[in-house]
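**Q** I'll drop the sequence and a predicted model, then ask my questions.
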Amino acid sequence: MVDRKCFVEGVSSEDSATIAADAIEKDSYNKYYTIRTRDYIPFGSHVTKRLTITDDKGNVRMDGILKIQPNADNSEVWHLLPIGNYTEVVLATFYYDQESIVKDVTDYYKTAYPKIKKVELRAIYAVEELEPDK
C-alpha cells in the first residue's frame, strides 16, 4: 500500500493546496504498486521488472514491463510498457528516487494554472518479496 504526498511549485499556497488535494484524489485508485523481478538466463543475464498497479479491491489499473533508465543523480526513470509489446507505447512514466515512486502530473494543471512549475505525486511504498511470474 502507498502513502501519497503531492508537491506543487509555482502557484500560491491556496492554489497549491487545491491542486494537491485534487491530484491525490484523482490518483487515489492507484492503491498498490507491485513489482516482480524475473531473471532471463538463456540470452545472458537480463533482469525484467513487471509493475502492476491495483486499486483497494484488487482490480488491475495498469500492468506492464518496466524499462528503467538510470540518471546521474542516482534516480531512475521508469517507462511502463505494455506486456508483449515493449517498443510501441508508453503506458505511464514514473521516476524513482530510492525512496518513492514519483509521477509528474504538471501537464494536467497547466491550462488552469499557466504559471505552475511542477506537480509531483510521490507514492511512498513498502517493498514486498513476491514470487516471480511464471
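**A** Sure, I can see it.

**Q** pLDDT weak spots in the chain?
**A** 1-3, 28-32, 38-47, 85-89, 91, 124-134 (pLDDT under 70).

**Q** Surely residue 68 touches residue 48?
**A** No - between residue 68 and residue 48 there is no contact under CB atoms under 8 Å: 9.9 Å. All C-beta spots, glycine's among them, are computed from the backbone N, C-alpha and C.

**Q** Compare neighbour counts for those two and give me the winner.
**A** residue 48 (16 against 12; other CB atoms under 10 Å).

**Q** Pretty sure the more buried one sits against residue 67.
**A** No - Residue 48 lies out of contact with residue 67 (CB under 8 Å); the separation is 9.5 Å.

**Q** all helices for the chain, in order.
**A** 13-26 (DSSP state H).

**Q** Kindly list the longest strand within it.
**A** Secondary structure of the chain per DSSP state E: the longest strand is strand 60-70.

**Q** where's residue 99 relative to residue 76, distance?
**A** According to CB to CB, to the nearest Å, residue 99 and residue 76 sit 12 Å apart.

**Q** the more surrounded of these two?
**A** Using other CB under 10 Å, the more surrounded residue of residue 99 and residue 76 is residue 76, with 16 against 10.

**Q** Chain neighbours aside, what residue packs nearest to the more buried one?
**A** residue 96 (4.4 Å; CB to CB, 6 or more residues apart in numbering).

**Q** How about residue 23?
**A** residue 6 (4.9 Å).

**Q** Can you tell me the closest non-neighbouring residue to the residue sitting nearest the centre point of the chain?
**A** What sits nearest the mean C-alpha location of the chain, by CA atoms, centre = their mean, is residue 94, with 3.9 Å. Excluding the flanking residues, the one nearest residue 94 by CB to CB, 6+ apart is residue 78, at 4.3 Å.

**Q** surely that neighbour meets residue 64?
**A** No - with contact defined as CB under 8 Å, residue 78 does not count as touching residue 64 (9.9 Å).
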